[in-house]
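no sequence on this one, just coordinates:
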Ligand SMILES: [Zn+2]
Ligand SMILES: [Zn+2]
């Protein structure tokens, strides 16, 4: 048996899915498809899905013996800036979601097992934590405008990707002296004993 809902009525959080009418009926399903505006920014300091931006949640909830098995996808667009050149970037986010939400009387709890197991009050699923974890894990630790972004010139700060061949003439003679000293310091082949 399958039921479809566009959204749950009188429900403040778009991440919360009411399952009151299907809990404890193993074999029943509910499909939840919901497009909404992000209530609160999701992500890290450098990159995240901004508050108010469009997102969509598509999940399949299946009633199993111990609770609800959830499987689906969260889609949104993250915004941030390049960690090397500070250019604004946006990144499509499409993260898989899955987990088992346990009934309060399942006999074990989320703390007893390892991953992808969450507690469930037996009434409505709150996917906010699952989505937040999945998004934060998926976003790059150092977002880049391009994997080969050359960054900023360390002398004048221009964005090197916009200024091909950008260079400064080195006028200070100490730099060339330093370069020749460095050559002398390169170790010769090691002798093995
Ligand atoms: Zn960059
Ligand atoms: Zn420069």
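Sure thing, it's come through. Quick caveat, the model's predicted, so the values are computed rather than measured. Ligands and ions are numbered 1, 2, ... in the order given.

low-confidence stretches in this structure?
Applying pLDDT under 70 to the chain flags residues 1-11, 114, 171-193.

and it, which of its residues are near ligand 2?
Taking C-beta under 5 Å from the ion as the test, the list of the chain residues beside ligand 2 reads 153, 155, 156. For every residue, glycine as well, the C-beta is placed using N, CA and C.

tell me the most packed of those, by neighbour count.
Among those, residue 153 has the most neighbours (other C-beta atoms under 10 Å), with 15 neighbours.

distance of it from ligand 1?
Here residue 153 is placed at a distance of 13 Å from ligand 1 (C-beta to the ion, to the nearest Å).

would you confirm that that residue contacts residue 160?
Yes: taking contacts as C-beta atoms under 8 Å, residue 153 lies within contact range of residue 160: 5.9 Å.

now list whatever residues contact both of those two.
Residues touching both residue 153 and residue 160 (C-beta atoms under 8 Å, 6 or more residues apart in numbering): residue 166.

centroid-nearest residue for the protein?
In the chain, the centroid-proximal residue (C-alpha atoms, centre = their mean) is residue 135; its distance is 2.6 Å.

please enumerate the helices of the chain.
128-138, 173-185 (DSSP state H).

can I see the domain layout of the protein?
As assigned by automatic domain parsing, the chain contains the domains 2-138, 151-186.

and the ones you listed: which comes nearest residue 145?
Closest to residue 145 of these is domain 2-138 (C-beta to C-beta; 4.0 Å).
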